[in-house]
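Engineer: predicted model follows, preceded by the sequence.
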Amino acid sequence: MQIIYTDVLVIGGGLAGQRAAIGAKRRGQEVIVLSLVPAKRSHSSAAQGGMQASLGNCLGGSGDNEDIHFTDTVRGSDWGADQDVVRMFTHTAPKAIRELAAWGVPWNRVQRGDRQITVNGEKQTITEKDEAHGLITSRNFGGTQKWRACYVADGTGHAMLYTMSNQAIAANIPVHERMEAIALIHQDGRCCGAIVRNLMTGELLAYVAKATCIATGGFGRIYRVSTNAIINEGMGAAIALETGIATLGNMEAIQFHPTGIFPAGILVTEGCRGDGGLLLDGSQHRFMPDYEPEKAELASRDVVSRRMEEHITAGHAAQSRFGEHLWLDIRLLGAQHINTKLREVKEICQYFLGVDPAHDLIPVRPAQHYSMGGVRTNHRGESPQLRGLFSAGESACWDMHGFNRLGGNSVAETVVAGMIVGESMADFCDSADGALNISTSLVEHFGKQQQQQLGIIADPAGNESAFALMKQMQETMTANVGIFRDEPRLQEAVTTLQDLQRRSRNIRLRSSAAGANPELVAAYRVQRMLKLAQCVAYGALQRNESRGAHFRADYPQRNDLDWMRRTLASWPDAEADLPTLNYEDLDIMRMEIPPGWRGYGARDYIDHPDTARRQQQIDTLLGELGPADRYQQQEAVMPFKQLLPEHLRGTNQRLGDEE
Amino acid sequence: MSKQLNLWPARMDLLESLTGLLLVLFIWGHMFFESSILLGKDAMLWVTRMFEGAHIFDKPYPLLVSGAVAAIFVLIAVHAILALRKFPGSYRQYHSFHRHMGAMRHADTTLWYVQVITGFAMFFLASSHLYVVFVQPDNIGPYASSDRVWTGRFWILYVLLLISVHLHAGIGMYRLAMKWWPFKAASAALARKRLKLAMWCVIAFFLCLGSASLVTYMKIGYEHADRAGERYVPATESNHPVSN
Amino acid sequence: MSAIPVQQVGRTLYIHILRHNPCDPLSEAHLQTFELEEADAMTLFIALNEIRENHDPSLQFDFVCRAGICGSCGMIINGRPGLACRTLTKDLPDNITLAPLPAFELIGDLSVNTGKWMRGMSEQLETWVHSQGLENADIDSLEQTMEPELAEQLYELERCIECGCCIAACGTALMREDFIGAVGLNQITRFQLDPRDQRSDAQFYQLVGDDSGVFGCMTLLGCEDMCPKQLPLATQIAFLRRRMAMV
Ligand SMILES: Cc1cc2nc3c(=O)[nH]c(=O)nc-3n(C[C@H](O)[C@H](O)[C@H](O)COP(=O)(O)OP(=O)(O)OC[C@H]3O[C@@H](n4cnc5c(N)ncnc54)[C@H](O)[C@@H]3O)c2cc1C
Ligand code: HEM
Ligand code: HEM
Ligand code: SF4
Ligand code: F3S
Ligand code: FES
């Protein structure tokens, strides 16, 4: 087996992976990036709507700052997020966007003067400031108080990923494409690289590295209806789980996006609603204000998705030959706006639905969209259980999204996390801990183990079809672990998944084609995906409360008393059919914003006694501080800058700051 | 700039286009002059004389025509040598292009192929024609030309040359426009559609014009066949005959 | 993989696929025909997955986003390059012939290594913003301003998804392996237009000023007509040609 040595191995060539790679490379580390597909095809390219960063340049964003972004994100997370991390994030996001601007992303800019916008179905004219002209503009997104989503038409992720990839090429970072990490090499609680399968030739290789970073994106494909790319099968999270040591955090926290086109599930961006689009029901009535008078279509995604399903269940859906759905109406934005700012949406409607959104309604229904959970890391992006293992982006749970992520916070997270984790990895490699003593025999051992497992699959003894198992898993997840969850359905899901997992040991391959062998790929992936699915289903079953995107119809309240806890799933016994769940407390006494009402959605929740205590403590702290600016106040309540790499600690300048 | 730029590729590309453009302008003009036969023998003779400088020097100098022919020949040679670079260089290249063209069924790709074929054909056709007018510059005129066309059987050459050159020239002009013209992206598709239409119209026009004059030459040549070699004497000049 | 069980509309499709597995020394290129019942709203993505699941599990092809935005699934569909994931079978005749994109290294069946080609192109043309001091850019202060219109123009050129259709559609690229094609030329114009990129025209000339670059283009316009993102390739190549001819 060929062994390739490097300092830093980044598994994943999306935004997160490549930014981390660039960071580590700049610090003088040798870096290799692995990717299932050419890096520019990673699913980051599909992000349409925008990237959140509190620049506050345009009128709708004026007055914005880190504090408001922080509040929005914490509320969005339904207090499930790690507030230190959210602080680090909201502080670094403007830097991330400015860095990308310098690197070449053509962010849309503020145009001075009058402009027509659509709010609540009506046209309004606003006037942008002269001094903001040419600075980065932003659009409205759900769950935010300000217009904060910076965008490049509706190809934001594409533009970001291309710029990022080009910078990685400029930095001479090798991307080994069509290479799939299928196991982590580890010893004594130390990760030392990965066993990798070449998806063109089928050959196995070993990559040995001081630091290994999982940046493999989401795992939406455990669901049948998902906005995710079909490569989003969660192999990164799965191989971390299979170490038996590393943990996955909050796997039950799955986001459903309100506007997947029906029935294909392809996403049309939240920007449609942010720019003024409306949701209509079967009788073309705008129903969101009935449920959410304050934010209507622009409540957070979990809330809007739930309301939509609720409305469908109440019998107000539109019917089509594929089933029930609702409508998204962006006709009122006008052809001009659609042709420039929502081009990808237009193309998607044209090619997949055969409709022109400037004249027709778009059939939509919520679809699985994002996984808040993933490889659990600390604020530096390192696994607390497995030294040398890092994670960034959607595959990680360093936990800034808690139980619901805000639109636009994800691509922002990928870049910010990349900036931070790249530094952490470089620090780690340079430290005494980074030194790697690993014998080739250990590497060979892991390689052989994988070879053996693949051999077992290829053994013609079984009688199960990988494709069929995959389908059944996806059906089960969509039917039973969806937007509305309850004990009977979750229990059924857990049982079905156990059964599928058992059957997955008996897969029979019909083809023994040399090379990549797509059937073999499906076979070894479905085995791992079933484990992830089980972490989601089982975690959801155990969590007897509703929080963010995790909604239990039988426990509709958020329960801070019992559930200010993060789920940690691990799989120590490879033969077991359920993960081991542990819980990690979220300490309200360290929070900058103790739990409260989100400002939209249901208002009732079960309080934790610490909430009032912490609030009082904060009030006292602020009282003692006396007159102070917002930075000082924040510093007094929850200092966080020490957690950031030094060069990211500077104050963000904004338009209208006093010099 | 540390490295010296090699400006040859740019120059050659420009030159290819420029020679092409000049040749097209020439050939279009040539068509009008040579079609003067449609207006009558006298008109054609007048045009012939004009090119021989008779209206300036009082006396025709057919060598002027030879000079022009030489110049045109140089243009064609330069153009052809430059264009030759673009020809498929090997059978493998030719084969992959041909298969590609067949599968794609794409107009502009096919048009390029037409240009290659017609260009290649003109290599021989145009050379023959030029050779003739070069060595016998005095053999141009209402009867002289017609006799060549009919009795000399040059009409076969001219039919082929006519078709080749106008397809090649029309497509060439369209290609020149697409190659260099500063269209705005937004209006490019429309401009291209119009250009293409114009291209077909121009080709059709010149083919008609050329056919009409060729038929006229043939007709005159046919009627004049028994007296082939005799020179045309315009009614106004019949009292003092000239040498051609 | 379609989301909802769909009604069958009855037409039988004959899908002829050019198959070859270079990893298998015994494999020879041949056309294989699969019969398939057409379903409502069926795309080639759905059709090919069905073939793989029910007929031949060894069939190789590439899809990633299945939404026409990642550029993975370029292939030759009845003679013309296009994105398979957003091609509806209802727009095609009963007989559908699929072949891998030419001009790229074949991985197997319909899968080709566009990624390697594109990376090579990027390295050769240095398709990134060249600017002094990027590593230490000040990211705390206000960003540089840019005219809104220019930003939109840049994005217009950046919509390229590196699918390779313009290469497969270009007779020049098929004849000459070193030709960087419309995808490369377009990207150069994108950086040429970007004020953040400090390269001079002479520097761009060094990258594209020869027959493997802009002067190799013979204006066949297959690129312009087949680009699934409708990039203004003809306009951009003409622009670059003028610019480079004036250096
Ligand atoms: C349709 C859609 C629209 C979205 N729009 C927005 C938006 O507008 N704003 C926003 O903020 N967020 C949006 N998101 C979310 C956001 O795009 C993603 O969360 C984010 O881009 C993930 O980036 P990443 O770098 O973590 O992973 P990805 O970009 O998914 O990259 C994963 C990488 O890992 C590689 N990989 C995976 N497994 C392996 C393995 N086993 N071995 C080797 N390599 C592997 C893949 O090849 C790929 O390169 C959207 C998501 C979707 C699905
Ligand atoms: C006799 C030899 C000739 C040959 C072999 C020849 C060949 C070609 C070829 C192969 C091209 C395509 C070049 C490319 O794609 O870059 C071309 C272009 C062209 N030709 Fe010719 N040609 C010949 C004569 C002529 C004549 C007589 C004319 C004028 C009537 C002419 C006008 C043009 C024009 C205008 C173009 C387009 C130029 C360009 O693309 O830059 N050619 N020729
Ligand atoms: C200076 C150079 C040229 C001269 C003086 C010249 C002259 C003539 C003359 C006098 C005729 C009439 C027939 C005859 O006398 O044989 C003729 C016909 C013709 N020439 Fe030329 N020619 C020249 C260059 C060219 C070139 C470069 C081409 C194309 C490549 C060309 C294409 C033709 C054609 C197609 C005809 C037939 C026209 C018809 O169908 O009516 N000529 N030329
Ligand atoms: S220019 Fe168009 S056809 Fe060419 S790679 Fe880009 S998107 Fe594809
Ligand atoms: S098809 Fe090829 S030749 Fe030029 S115009 Fe397009 S690159
Ligand atoms: S699969 Fe992404 S473009 Fe077709």
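Structural biologist: Looks like it came in fine. Numbering: from 1, shown residues only, chains lettered A, B, ... in the order given. Ligands and ions are numbered 1, 2, ... in the order given.
Engineer: so, low pLDDT: which residues of chain B?
Structural biologist: B:1-3, B:236-244 (pLDDT under 70).
Engineer: let me see the contact set for the residue most central in space within chain C.
Structural biologist: What sits nearest the mean C-alpha location of chain C, by C-alpha atoms, centre = their mean, is C:C163, with 1.7 Å. If a contact means C-beta atoms under 8 Å, 6 or more residues apart in numbering or on different chains, then C:C163 has C:71-74, C:83, C:114, C:228-229 as its contacts. C-beta: built from backbone N, CA, C; applies to glycine.
Engineer: look up how far A:T212 lies from A:A417.
Structural biologist: 15 Å (C-beta to C-beta, to the nearest Å).
Engineer: with A:S62 instead?
Structural biologist: Separation of A:S62 from A:T212 (C-beta to C-beta): 43 Å.
Engineer: ok and the residue in chain B nearest chain A?
Structural biologist: Residue nearest to chain A within chain B (C-beta to the nearest C-beta): B:A186, separated by 10.9 Å.
Engineer: dihedrals phi and psi, residue 31?
Structural biologist: You didn't pick a chain, so chain A it is. phi -130, psi 140 (degrees, to the nearest 10).
Engineer: oops, chain C please
Structural biologist: Phi and psi for C:L31, reported as degrees, to the nearest 10, are phi -90, psi 130.
Engineer: picking up where we left off before, hmm, which two among the contacts of C:C163 are most spread apart?
Structural biologist: C:T114 and C:K229 (14.6 Å; C-beta to C-beta).
Engineer: next, count neighbours for residue 213.
Structural biologist: With no chain named, the answer covers chain A. A total of 38 residues lie near A:C213 under the criterion other C-beta atoms under 10 Å in any protein chain shown.
Engineer: actually, chain C is the one I wanted.
Structural biologist: What C:G213 shows, counting by other C-beta under 10 Å, is a neighbour count of 26.
Engineer: returning to what we had before: contacts with chain A among the contacts of C:C163, please.
Structural biologist: Applying C-beta under 8 Å from any C-beta of the partner chain to those, one finds that C:71-72, C:114 fall near chain A.
Engineer: name the residue of chain B that lies nearest to ligand 5.
Structural biologist: Of the residues in chain B, the one nearest ligand 5 is B:T109, at a distance of 7.4 Å by C-beta to the nearest ligand atom.
Engineer: wasn't that residue part of a helix?
Structural biologist: Yes: according to DSSP: H, G, I helix; E, B strand; the rest coil, B:T109 belongs to a helix.
Engineer: give me the nearest residue to residue 174, chain neighbours excluded.
Structural biologist: No chain in the question, so chain A it is. Leaving out its chain neighbours, the residue that sits closest to A:P174 by C-beta to C-beta, 6 or more residues apart in numbering or on different chains is A:I32, at 5.5 Å.
Engineer: meant chain C, my bad for not saying
Structural biologist: Once flanking residues are discounted, C:L174 sits nearest to B:S96: 4.8 Å by C-beta to C-beta, 6+ apart.
Engineer: for that neighbour, grab phi and psi.
Structural biologist: Dihedral pair for B:S96: phi -70, psi -30, per degrees, to the nearest 10.
Engineer: for residue 45, what are its contacts?
Structural biologist: Unless you meant another one, I'm taking chain A. Applying C-beta under 8 Å, 6+ apart, we find A:S45 in contact with A:157-158, A:161-162, C:65, C:69-70, C:161.
Engineer: you looked at the wrong chain, it should be chain B
Structural biologist: Residues counted as contacts of B:L45 (C-beta under 8 Å, 6+ apart) are B:141-142, B:232, B:234.
Engineer: and for B:P234?
Structural biologist: Counting by C-beta under 8 Å, 6+ apart, B:P234 has contacts B:41-42, B:45.
Engineer: now it: phi and psi?
Structural biologist: Geometry field for B:P234 lists phi and psi as phi -70, psi 150, criterion degrees, to the nearest 10.
Engineer: same question, A:D604
Structural biologist: In this entry, A:D604 is assigned phi and psi values of phi -100, psi 140 (degrees, to the nearest 10).
Engineer: which residue is the nearest non-sequential neighbour of it?
Structural biologist: Closest residue to A:D604 apart from its sequence neighbours, by C-beta to C-beta, 6+ apart: A:Q557 at 5.7 Å.
Engineer: more neighbours: which of A:S62 and A:T212?
Structural biologist: More neighbours sit around A:T212 than around the other of A:S62 and A:T212, counting by other C-beta under 10 Å; the figures are 29 against 17.
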